[in-house]
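Undergrad: quick check, what structure comes out for this input:
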Amino acid sequence: MTIPLILGAALSLVDKLFPNPKDAAEAKIRIMEMQQTGELKALEADLELARGQMEINKSEASSDDPFRAGWRPFIGWTCGSAFAFNFVILPLMTSISAIMGNPIVLPALEMGEMMPVLLGMLGLGGFRTYEKIKNVQGKH
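TA: Model (predicted):
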């Protein structure tokens with residue numbers, strides 16, 4: 001994919017992301033600045049890396065080997081189970097035990113360690129592109 005195609009796609013996406021014409025114009029200016037400073041080239045490299053990872057993911061998912069195709073579902077079920085425990089099972093168990101007169105205190109699972117894994121699996125890391133367009137500064 002070439003820079004002009006990415007630039008055109010980014011500029012057309014801006015209109016959909018920013019209904020306010022002033023905000024859209026500012027975002028378009030920022031995209032043009034990114035192209036001039038070479039940041040768009042880095043975004044293109046990130047896009048190609050993501051496409052390569054998608055191909056790897058497809059081949060892993062189609063594999064008959066459970067160690068190759070089964071790790072994503074395992075991690076997904078593990079993260080889902082942790083969410084269910086922390087936000088459904090634990091509060092119910094605590095409430096029921098308190099109502100029955102025998103309150104128990106169970107520790108909650110550490111979700112801060114699990115969130116990057118879950119968000120990465122869900123593909124929510126793509127928001128970094130939006131942050132770059134909006135020029136959001138933060139830890140990277």
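Undergrad: ok, how many other residues are close to the nearest residue to residue 71 once chain neighbours are set aside?
TA: With C-beta to C-beta, 6 or more residues apart in numbering as the criterion, residue 71 has its nearest non-adjacent residue at 7.8 Å, and that residue is residue 60. Just so you know, the C-beta spots here come from the backbone N, C-alpha and C atoms, and that holds for glycine as well. As a burial measure, residue 60 scores 15 neighbours (other C-beta atoms under 10 Å).
Undergrad: mind checking pLDDT for residue 60?
TA: pLDDT, residue 60: 70.
Undergrad: and residue 16, by the same measure?
TA: 79.
Undergrad: I'd say residue 103 and residue 95 touch.
TA: No. Assessed by C-beta atoms under 8 Å, residue 103 is found out of contact with residue 95, at 9.4 Å.
Undergrad: what's in contact with whichever strand or helix holds residue 119?
TA: Residue 119 is part of helix 111-121 when elements are defined by DSSP states H and E. Applying C-beta atoms under 8 Å, 6 or more residues apart in numbering, the set of residues contacting helix 111-121 from outside is 72, 75, 76, 79, 82, 83, 86, 125.
Undergrad: of the residues you listed, which is the nearest to residue 107?
TA: residue 86 (10.1 Å; C-beta to C-beta).
Undergrad: how close does that closest one sit to residue 78?
TA: 13 Å (C-beta to C-beta, to the nearest Å).
Undergrad: pull the CA atoms of the helix or strand containing residue 43 into PDB?
TA: Per DSSP H and E: residue 43 is located in helix 39-61. Included here for helix 39-61 are C-alpha records, laid out as PDB according to Å, rounded to 0.1, in the frame of the first residue of the first chain:
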ATOM      1  CA  GLU A  39       4.900   9.700  10.500                       C
ATOM      2  CA  LEU A  40       2.600   8.300   7.800                       C
ATOM      3  CA  LYS A  41       5.400   6.000   6.700                       C
ATOM      4  CA  ALA A  42       5.600   4.600  10.200                       C
ATOM      5  CA  LEU A  43       1.800   4.100  10.200                       C
ATOM      6  CA  GLU A  44       2.100   2.300   6.900                       C
ATOM      7  CA  ALA A  45       4.800   0.000   8.500                       C
ATOM      8  CA  ASP A  46       2.400  -0.600  11.500                       C
ATOM      9  CA  LEU A  47      -0.400  -1.500   9.100                       C
ATOM     10  CA  GLU A  48       1.800  -4.000   7.200                       C
ATOM     11  CA  LEU A  49       2.900  -5.500  10.500                       C
ATOM     12  CA  ALA A  50      -0.700  -5.900  11.500                       C
ATOM     13  CA  ARG A  51      -1.600  -7.500   8.200                       C
ATOM     14  CA  GLY A  52       1.300 -10.000   8.600                       C
ATOM     15  CA  GLN A  53       0.000 -10.800  12.100                       C
ATOM     16  CA  MET A  54      -3.500 -11.400  10.700                       C
ATOM     17  CA  GLU A  55      -2.100 -14.000   8.200                       C
ATOM     18  CA  ILE A  56      -0.300 -15.700  11.100                       C
ATOM     19  CA  ASN A  57      -3.500 -15.700  13.100                       C
ATOM     20  CA  LYS A  58      -5.400 -17.300  10.200                       C
ATOM     21  CA  SER A  59      -2.900 -20.100   9.800                       C
ATOM     22  CA  GLU A  60      -2.900 -20.700  13.500                       C
ATOM     23  CA  ALA A  61      -6.600 -20.800  13.700                       C
END
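Undergrad: all set, thanks.
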